[in-house]
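Engineer: 3D, please:
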Amino acid sequence: MKKLILAFILSASLAQAQNAQPAETPPATPPATPPATPPAAPAAPAAEPKPGGKAEKMKPFSPSDQKFAKKTSEVLQYQLKLASRASSMREKDATLATWAATKAKELTDKWTPFATLCQKHGFTDLAADISKKETGEIAKLGKVKDEKFRVEYLEMFSKEARNAHKDMENAPKMVQDPELKIWAEGIVAVLKTNADEIENKFKEEKKRK
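Structural biologist: Numbers count the residues shown, from 1 in each chain. Purely as a prediction, here's the structure:
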């Protein structure tokens with residue numbers, strides 16, 4: 001009888017203990033697919049300008065720099081027109097056309113950074129074309145016979161190249177802007193080289209005639 005009572009008490013105690021504990025949550029079922037690739041880290045924010053800071057504005061050219069830029073643009077425009085005049089004659093004179101195209105490229109390579117620099121300084125008064133007088137001089141070449149064209153053309157180009165170098169030789173001395181001054185010294189060197197080269201080419205052609 002005592003054993004029966006003890007068994008009953010033990011059974012009741014166990015039941016009470018089980019009722020007091022919270023039920024365990026079954027483990028979550030693992031995902032069937034792998035987790036998605038983590039997103040890329042966000043790009044670093046763009047640097048903000050300093051408080052009250054503004055983009056630095058280039059100073060306008062001085063009067064002497066403006067005068068130089070204007071004159072130079074006129075000189076380069078005329079030489080570019082002269083070079084282009086012969087570079088389009090591939091059917092009539094491929095050799096001369098190729099040489100003239102090379103001159104045109106050399107001058108264009110100098111014009112581009114020059115025009116960009118002027119724009120940065122807000123100077124826009126550059127020659128966009130040649131004068132009426134220069135247009136008329138180049139137009140005269142259209143009346144020259146094919147067999148004489150080389151000599152007439154090279155003579156005109158040689159005179160212009162020599163005059164251009166003479167006019168611009170001392171020009172860099174009056175330039176004040178440092179960047180423009182460096183470019184000015186470079187273009188004068190190019191004008192000198194071209195003057196010598198075109199003059200020699202003209203003399204050689206004249207001898208053959």
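Engineer: check contacts around K192.
Structural biologist: 165, 169 (Cβ atoms under 8 Å, 6 or more residues apart in numbering). In this view, the C-beta of every residue, glycine as well, is placed from N, C-alpha and C.
Engineer: looking only at pLDDT, what's the mean for the strand or helix carrying it?
Structural biologist: For K192, the enclosing helix or strand under DSSP states H and E is helix 178-208. Here helix 178-208 scores 96 as its mean pLDDT.
Engineer: Also stretch 69-87?
Structural biologist: On average, stretch 69-87 scores 96.
Engineer: quick one: buried residues of that stretch?
Structural biologist: 69, 72-87 (16 or more other Cβ atoms under 10 Å).
Engineer: do the same with stretch 58-68
Structural biologist: Under 16+ other Cβ under 10 Å, the buried positions of stretch 58-68 are 61, 65, 68.
Engineer: In TSV: these, plus secondary structure and distance to V190.
Structural biologist: TSV is the format used below for those (DSSP: H, G, I helix; E, B strand; the rest coil; distance: Cβ to Cβ, whole Å):
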residue	secondary structure	distance to V190
F61	coil	21
D65	helix	19
F68	helix	15
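Engineer: Give me the helices and strands touching the helix or strand that contains A83, please.
Structural biologist: For A83, the enclosing helix or strand under DSSP H and E is helix 63-87. In terms of contacts (3 or more Cβ pairs under 8 Å, 6 or more residues apart in numbering; DSSP states H and E), helix 63-87 is packed against helix 94-120, helix 132-140, helix 146-168, helix 178-208.
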